[in-house]
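> would you be able to build a 3D model of this:
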Amino acid sequence: MVIHKRKKNIRQRAGTTHGFGSMKKNRGAGHRGGRGNAGTGKRGDAKKPSIWKNDKYFGKNGFHSLRTPLKAISVRMIDDNADSWVKKGLITEKGGIYTIDLKKLGYDKLLGTGQVTKKLNITLSSITSKAEEKVTALGGSITVIAVKTPKTAEVTEKSK
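Below you'll find the model as predicted:
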């Protein structure tokens with residue numbers, strides 16, 4: 001024989017509170033102190049312990065740099081990859097001299113890590129002193145191109 005159980009809703013039709021306890025508890029979010037983070041200000045006592053655990057609730061935190069990071073490459077990477085870059089057509093090689101434009105390769109700065117075994121003619125925007133010594137020691141040349149930033153462009157326009 002199948003037993004049919006009455007639904008809870010039918011049982012609550014005559015009940016005054018319908019399972020919410022006191023009548024005033026089902027009126028809104030008032031009995032729980034508001035919705036979300038309401039009541040959590042400096043003088044909000046109800047939810048203070050949950051705020052104490054969260055260090056980032058009050059005030060400004062951290063910092064962010066306004067500069068874009070430079071993408072750097074070492075002389076070792078250039079020396080190791082020069083022949084494969086010539087095959088791919090990224091750089092040119094004529095008479096044992098490799099001509100490289102680092103900006104076209106996507107790099108901003110040349111670092112001095114590693115050894116140089118090839119003669120390099122490099123065009124770039126920034127270089128370290130050790131990298132410059134290593135490239136010029138083998139008879140290579142370096143061309144540094146000044147990069148215009150929006151601030152320097154404003155200064156040059158105002159000076160004219």
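
> tally of neighbours for Ile91?
23 (other CB atoms under 10 Å). The way it works is simple: take the backbone N, C-alpha and C, and place the C-beta from them, glycine included.

> quick one, phi psi at it?
Dihedral angles of Ile91 (phi, psi; degrees, to the nearest 10) stand at phi -130, psi 170.

> tell me the contacts of it?
Remark: with contacts taken as CB atoms under 8 Å, 6 or more residues apart in numbering, Ile91 is in contact with Ala82, Trp85, Tyr98, Thr99, Ile100, Asp101, Leu105.

> for ChimeraX, what selects the buried ones among the residues you listed?
When burial is assessed using 16 or more other CB atoms under 10 Å, the buried subset of those is captured in ChimeraX by this command:
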select :82,85,98,100,101
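
> could you save the contacts of Ile91 as JSON lines and add columns showing pLDDT?
Below are the contacts of Ile91 laid out as JSON lines (pLDDT from 0 to 100):
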{"residue": "Ala82", "pLDDT": "94"}
{"residue": "Trp85", "pLDDT": "95"}
{"residue": "Tyr98", "pLDDT": "96"}
{"residue": "Thr99", "pLDDT": "95"}
{"residue": "Ile100", "pLDDT": "95"}
{"residue": "Asp101", "pLDDT": "95"}
{"residue": "Leu105", "pLDDT": "93"}
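
> of all the contacts of Ile91, which two lie farthest apart?
The most widely separated members of the contacts of Ile91 are Ala82 and Asp101, with 13.2 Å between them, by CB to CB.
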